[in-house]
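> pasting the structure only:
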RNA sequence: GCCUCGGUGGCUCAGUGGUAGAGCGGCUGCCUCGUAAGCAGCAUGUCGGGGGUUCAAAUCCCCCCCGGGGCUCCA
């Protein structure tokens, strides 16, 4: 925002030619005049967009200050785009100018010249020392990150790192064997956008009654129906169990933090994100965007010996909040409230960090494979590294690529802009060729000091640890997104789409042929497997179809034959039809889901007792 | 956040100034069925919200909300 303030004997204007976006004005407003006033020429700029409140507030403060200085109560607000070479959109500018006008009205006698016209004007400047002032106003404040600005300056170069340890500039690399890596690279570097349709997982998450938008909340805050909640909850448990097995201590920390806390304040500057801001009765707080704060603040107050290292803390954040730009939000892929498992490891130095990172690399692999993703086939490895770290630790990166099992994309930064020197991500490339990070781990050399986290080394000296930031699965919602996108991809290949058996809300669907077979079904008792009964008064064909559309892995039709023989006719989702006893079926399912968490069906067993959440 | 397209019954969508529609789903009844949609009848509506123009608005205009796509962004 740029403004020019002119203390004048009078100003007189006349609107001449109207522009496309001009505001409507009554005829008498086309011409106006004001005596003894402060004329405020305003140019709203591109960078002000989205920050109207702050800009308006600061601009008005500036105007008031000057008006008091020159001792006038008359103000003419004059939209005047020519002060800036990077003006905002007319729409935004008009709203901003109006907001300034409205706000000044309570204290001043204000007029506003019309927006969107070529205007003739006459102005008589008083010419005293304070009569002409220009001001530049920005929305930048303590809660706005500086990391983003720095990111623009830093130079990044792109390579492919092969299993043999060759670092090949992306332009010279032959992608013919790695089509998916090519897609990922294009997405990362060229920001290529092809598809112009809704991501397939959105229709699926709604139709399967898993997840849905919640218009009554803020965008990017979703609702989970019982089946969606079940799947999410199983995934959460799976990740948590594995992280605890790895040796992490699960904790719980608050979701909101004080803006004025010194460590947090400087951390915010290093993290390019917008936060939800909440006014509590006595302070302004922001909602956490990761679990870092809680864990760091906790360890700041802890007594740590080198014997305790590596020290691992874990929290499943429900939720982490990031106010992503409206247009970036998309289904389960990018949200404003999401569930992120976040596991920090505190280690003595870089060497230990590298060792620990490899342990976690294997942990993440186990978790992702359990979830139903094939590693490395379904994901693409990206590494972001500073030139300095690469030069000193080349072997470490090569070792990681070998462990991964196929080439990785490397982004090399000329200097360090974030708090980490190295991070890797496992990215999923979806049906629209868009990429999203799932697993990610980082080596952070800054926050040990920032949060004043100390451990005592062998010699009795206090030291700041190096910190690793791991999300072993990535956001739980993103796992669901990847699984749905993967299922959709299967269906395009002619394979029946499905979820992993352990995540299927209904594992066995029983369909009685007629009412008399219900008694048989009402008497069965199965533990440790989720089953339900389609007792609706519909034809068999229709009920089979509906079970298939729900992706139910085992469908069992029960008629006279089954009641008599106790041998079930089982329709399996892979297309097979098998005769087996109930016992064998249950054993098979338990066998196939061994080692995975189990939860009960969170719905009535009889379909006639269930509401339809979506239709 | 910007640009752009969209929002009509629970779902999918037709209707573009003049009496709100269809299919699916729901309900009721018939049918009692052997592996992907049986038949009939009934009820479904702040036409996303607010304001305006008009004798008259789902339809035209303005603002807002929600969603899609693009830009931007992606720790």
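Perfect, thanks for sending it. Quick caveat, the model's predicted, so the values are computed rather than measured. Numbering: from 1, shown residues only, chains lettered A, B, ... in the order given.
> Just checking the distance from the helix or strand containing residue A:586 to the centre of its chain.
Assessed by DSSP states H and E, residue A:586 sits inside helix A:582-592. Between the centre of helix A:582-592 and the centre of its chain there are 38 Å (C-alpha atoms, centre = their mean, to the nearest Å).
> packing partners for it?
Helices and strands touching helix A:582-592, by 3 or more C-beta pairs under 8 Å, 6 or more residues apart in numbering; DSSP states H and E, are strand A:554-558, strand A:567-572. The way it works is simple: take the backbone N, C-alpha and C, and place the C-beta from them, glycine included.
> can you do 10 Å?
Where contact means 3 or more C-beta pairs under 10 Å, 6 or more residues apart in numbering; DSSP states H and E, helix A:582-592 is packed against strand A:508-512, strand A:531-533, strand A:554-558, strand A:567-572, strand A:577-581.
> From what I see, residue A:120 and residue A:11 are in contact.
No - here residue A:120 does not reach residue A:11: they are 11.5 Å apart, not a contact under C-beta atoms under 10 Å.
> Pick out whichever of those two has more residues nearby.
residue A:11 (24 against 11; other C-beta atoms under 10 Å).
> so what's the more buried one up against?
The neighbours of residue A:11, taking C-beta atoms under 10 Å, 6 or more residues apart in numbering as the test, are A:32-39, A:74, A:76, A:78, A:111, A:113, A:121-125.
> Phi and psi next, for it.
With angles defined as degrees, to the nearest 10, residue A:11 sits at phi -130, psi 150.
> Over to residue A:137?
According to degrees, to the nearest 10, residue A:137 has phi -120, psi 130.
> Which residues are in contact with the residue lying closest to residue A:467 once chain neighbours are set aside?
Distances taken as C-beta to C-beta, 6 or more residues apart in numbering put residue A:444 closest to residue A:467, at 4.3 Å, once the chain neighbours are dropped. Applying C-beta under 10 Å, 6+ apart to residue A:444 gives the contacts A:270, A:292, A:344, A:346, A:353, A:418-423, A:450, A:465-469.
> circling back to that earlier point, go through the contacts of residue A:11 and flag which are in helices.
Under the assignment DSSP state H, the contacts of residue A:11 contribute nothing to helices.
> Any chance of a PyMOL selection covering the buried ones in the residues you listed?
Remark: buried members of the contacts of residue A:11, expressed as a PyMOL selection using 16 or more other C-beta atoms under 10 Å:
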select buried, chain A and resi 32+34+37+38+39+74+76+78+111+113+121
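> if we can go back for a sec, so what's the residue nearest to residue A:467 bridging to?
residue A:420, residue A:467 (DSSP bridges).
> In terms of pLDDT, where does it sit?
With respect to pLDDT, residue A:444 scores 95.
> contacting residues around the residue of the stretch 451-600 of chain A found nearest RNA strand B?
Nearest residue of the stretch 451-600 of chain A to RNA strand B: residue A:559, at 2.3 Å (C-beta to the nearest atom of the strand). Contact analysis of residue A:559 by C-beta under 10 Å, 6+ apart lists A:511-514, A:516-517, A:520, A:540, A:569.
> and residue A:608, how far is that from RNA strand B?
7 Å (C-beta to the nearest atom of the strand, to the nearest Å).
> Assign the closest residue to residue A:590 other than its chain neighbours to helix, strand or coil.
Closest residue to residue A:590 apart from its sequence neighbours, by C-beta to C-beta, 6+ apart: residue A:528 at 6.0 Å. Following DSSP: H, G, I helix; E, B strand; the rest coil, we place residue A:528 in the coil state.
> what about residue A:575, which helix or strand?
Judged by DSSP H and E, residue A:575 forms part of no helix or strand.
> from the chain's centre, how far out does stretch A:256-265 sit?
The answer for stretch A:256-265 is 22 Å, by C-alpha atoms, centre = their mean.
> Is it in proximity to RNA strand B?
No - using C-beta under 7 Å from any atom of the strand, stretch A:256-265 stays clear of RNA strand B, coming no nearer than 13.2 Å.
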